[in-house]
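In: kindly return the folded structure for what I paste below:
(2 chains)
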Protein chains: 2
Amino acid sequence: MSLLVVGSVAYDALESPYGKVERTLGGAATYFSVAASFFTHVSLVAIVGEDFHPQDEAILRKRSIDIEGLERTAGKCFFWSGRYSENLNERVTLATDLNVFADFRPLLPEKYRKASHVFLANIAPDLQRDVLKQVKGRPKLVAMDTMNYWIERTNAELLETLKHVDILMINDAETRQLSSEHNLLRAARHIFKLGPSTLVVKRGEYGAMLVDKNGVFCVPAFPLEEPHDPTGAGDSFAGGFMGYLASAGSKTDAAMRRAMVYGSVLGSFAVERFGLERLLKLKTGEIHARARHFAKLTQFKL
Amino acid sequence: MSLLVVGSVAYDALESPYGKVERTLGGAATYFSVAASFFTHVSLVAIVGEDFHPQDEAILRKRSIDIEGLERTAGKCFFWSGRYSENLNERVTLATDLNVFADFRPLLPEKYRKASHVFLANIAPDLQRDVLKQVKGRPKLVAMDTMNYWIERTNAELLETLKHVDILMINDAETRQLSSEHNLLRAARHIFKLGPSTLVVKRGEYGAMLVDKNGVFCVPAFPLEEPHDPTGAGDSFAGGFMGYLASAGSKTDAAMRRAMVYGSVLGSFAVERFGLERLLKLKTGEIHARARHFAKLTQFKL
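Out: Numbers count the residues shown, from 1 in each chain, chains lettered A, B, ... in the order given. Purely as a prediction, here's the structure:
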């Protein structure tokens, strides 16, 4: 099985009550790839500018992430700057400089085109569809993220892309906005009519919820006393989720449940330190230990 | 084992997008007693006025709730009126008429005084302590609820009561207010220093979380497509929780987890219809079926 991701590779400036970084490797596709790389081989499609640092390239290579699809072009990398509130539950975007990302047209290297698993991170829906068109045949599993911007501004494009997607992975506000339903079960039923057969709702400090034809599965967020930086939590969740499914080569109900747990495990590690710091130090043994801890958090016998 | 509850028996006027009732039996001790009565014998301490209707007395008797401790006095019953927003996630209090409740001094009938399990519903902390003083010896388990009003206005009294309590059961906003900590794990550590050894945080549509020396246990809210009325959800949760523990006569980690599930089951039934309507039609078989459904919602195998 092979996992393909398209999305942003960026530099972030981050500020939280726990510290500040001026420029650190970030972007949805970066967090996704690093998280998924603990489970499977990942092929990355993204664009960077001339300022992309060899040290950051080395970070991706060290995780055995295939970067043949990482296009380099004149200009600067996508740059995002944000500040988190005291309790990390609110965030202000200080700057979003698209730079080279503004003209991104994803082009898949030949060897990427037989991917079995595809994750379309949060980019313009027409670009997400472009990527799918370049993949040969129907991948075993296609998942995607999106955000309020695309729901509001490119709704028709988004609806077209959703027709080709198995799993939609968004947060609760986006779920409600896309479906015009407050209740998440009714929202899921609405979304199933648009194409996806599975909805994964990311609920931040409340965990995540999966809805599909088998029903509902809920996983809490891992209780942490001092999360430092929520950046990349959702993309790390997606990376753990899709990475696990690609490695398992299965999409049974039991596999989807495990994917939710591994997604939550990776998301929980991501927020422990600034940027990618914690994920880059992570050991496979720690992932399995925390997955067992999730069992302890939720299991009961009647 | 015997379960004693002190709290309000009231009439409620309720309005939600699903309907309106002008006057229905409510109050924390009522919801608690009815929910707990599916598991164990409940003794109720509360006060009502001359307008307390024989039909409502019959409701309690039919559930075999002991109402020897239900004091009757001149005046009118506690009356509460509230309106819920379209999504049931916000509520406006339209009226709170304490009436006979203003001069309530709980007096325990002799046979109540050997209760093994005590629940102090949300009333003034000095009254909660008065009840505990009347109980002979140290009950096996004392749990209590409280609210922002007591945290703000009678903080010293509340801290005194907390010294004598095993389980504090409050919502997340109250947890944060009482502890001055946003993070719930840090809040729990703060609260453990005040007396309780267990914190149960009620998180509405996100479920509930228990923190004690064994760690954290989370249970989601039961996914419902059309909850009609959130009134009494927290008290029904408490009733299922304490009712189960009193019937089990155990406070092991496994029993506490089951109590969290039965609490969530009763809370989820309570919100399905207006007021007590659903709980009064509930069958024991439905409780066990929903508890098994909770297992399906949360269980996974690594």
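In: all contacts plus neighbour counts: C-alpha atoms, from now on.
Out: OK.
In: now do the helices in the stretch 151-300 of chain A.
Out: In the stretch 151-300 of chain A, the helices defined using DSSP state H, counting those that start in this stretch lie at A:155-162, A:172-179, A:184-194, A:233-248, A:253-270, A:277-281, A:284-298.
In: okay, the ones you listed in JSON lines with distance to chain B and mean neighbour count next?
Out: Below are the helices of the stretch 151-300 of chain A laid out as JSON lines (distance: least, C-alpha to the nearest C-alpha, whole Å; neighbours: other C-alpha atoms under 10 Å in any protein chain shown):
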{"stretch": "helix A:155-162", "distance to chain B": "24", "mean neighbour count": "18"}
{"stretch": "helix A:172-179", "distance to chain B": "11", "mean neighbour count": "19"}
{"stretch": "helix A:184-194", "distance to chain B": "6", "mean neighbour count": "19"}
{"stretch": "helix A:233-248", "distance to chain B": "11", "mean neighbour count": "28"}
{"stretch": "helix A:253-270", "distance to chain B": "6", "mean neighbour count": "26"}
{"stretch": "helix A:277-281", "distance to chain B": "20", "mean neighbour count": "15"}
{"stretch": "helix A:284-298", "distance to chain B": "5", "mean neighbour count": "16"}
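In: closest one to B:E225 among those?
Out: Each of the helices of the stretch 151-300 of chain A has some distance to B:E225 by C-alpha to C-alpha; the shortest is helix A:184-194, at 5.8 Å.
In: hmm, who's touching the closest one?
Out: With contacts defined as C-alpha atoms under 8 Å, 6 or more residues apart in numbering or on different chains, helix A:184-194 is touched by A:159, A:162-163, A:172, A:175-176, A:179-181, A:198-199, A:211, B:223-225.
In: could you check the angle helix A:155-162 makes with that helix?
Out: Inter-element angle recorded for helix A:184-194 and helix A:155-162: 80 degrees (by axes from the mean of the first three to the mean of the last three C-alpha atoms, to 10 degrees).
In: C-alpha coordinates for helix A:184-194, CSV please?
Out: Provided in CSV are the C-alpha atoms of helix A:184-194 (Å, rounded to 0.1, in the frame of the first residue of the first chain):
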residue,chain,number,x,y,z
LEU,A,184,-23.6,16.1,13.9
LEU,A,185,-25.6,13.0,13.1
ARG,A,186,-27.9,15.0,10.8
ALA,A,187,-24.8,16.7,9.4
ALA,A,188,-23.3,13.3,8.6
ARG,A,189,-26.4,12.2,6.8
HIS,A,190,-26.3,15.4,4.7
ILE,A,191,-22.6,14.9,3.9
PHE,A,192,-23.1,11.2,2.9
LYS,A,193,-25.4,12.5,0.1
LEU,A,194,-22.5,14.6,-1.2
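In: mind checking how far that helix is from the chain centre?
Out: The chain centroid and the centroid of helix A:184-194 are separated by 21 Å under C-alpha atoms, centre = their mean, to the nearest Å.
In: now for A:A246: which residues touch it?
Out: A:A246 makes contacts with A:1-3, A:39-40, A:116-117, as judged by C-alpha under 8 Å, 6+ apart.
In: picking up where we left off before, any chance of a markdown table for the helices of the stretch 151-300 of chain A, columns distance to B:S64 and mean pLDDT?
Out: Formatted as a markdown table, these follow (distance: least, C-alpha to C-alpha, whole Å; pLDDT from 0 to 100):
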| stretch | distance to B:S64 | mean pLDDT |
| --- | --- | --- |
| helix A:155-162 | 55 | 98 |
| helix A:172-179 | 42 | 96 |
| helix A:184-194 | 36 | 97 |
| helix A:233-248 | 49 | 98 |
| helix A:253-270 | 42 | 98 |
| helix A:277-281 | 56 | 97 |
| helix A:284-298 | 34 | 98 |
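In: could you dump these to CSV with distance to A:E57?
Out: Shown next, in CSV, are the helices of the stretch 151-300 of chain A (distance: least, C-alpha to C-alpha, whole Å):
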stretch, distance to A:E57
helix A:155-162, 30
helix A:172-179, 32
helix A:184-194, 37
helix A:233-248, 19
helix A:253-270, 19
helix A:277-281, 13
helix A:284-298, 22
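In: and the closest residue to chain B within the stretch 1-150 of chain A, how many residues sit next to it?
Out: Residue nearest to chain B within the stretch 1-150 of chain A: A:N87 (6.5 Å; C-alpha to the nearest C-alpha). Counted with other C-alpha atoms under 10 Å in any protein chain shown, the neighbours of A:N87 add up to 15.
In: flag the shaky bits of the stretch 1-150 of chain A, pLDDT-wise.
Out: Along the stretch 1-150 of chain A, no part satisfies pLDDT under 70.
In: so which bits of it are right by chain B?
Out: The stretch 1-150 of chain A comes close to chain B at residues A:N87, as judged by C-alpha under 8 Å from any C-alpha of the partner chain.
In: tell me where the stretch 1-150 of chain A has strands.
Out: A:3-6, A:10-16, A:19-26, A:42-48, A:66-72, A:78-84, A:91-97, A:117-120, A:141-144 (DSSP state E, counting those that start in this stretch).
In: which of those strands is buried the deepest?
Out: For those, average neighbour numbers computed from mean count of other C-alpha atoms under 10 Å in any protein chain shown are highest in strand A:3-6, which has a mean of 29.
In: restricting to C-alpha, output it in PDB.
Out: Extracted C-alpha coordinates of strand A:3-6, given in PDB (Å, rounded to 0.1, in the frame of the first residue of the first chain):
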ATOM      1  CA  LEU A   3       0.100   6.800   0.700                       C
ATOM      2  CA  LEU A   4       0.100  10.100  -1.300                       C
ATOM      3  CA  VAL A   5      -0.500  13.500   0.300                       C
ATOM      4  CA  VAL A   6      -1.000  16.800  -1.400                       C
END
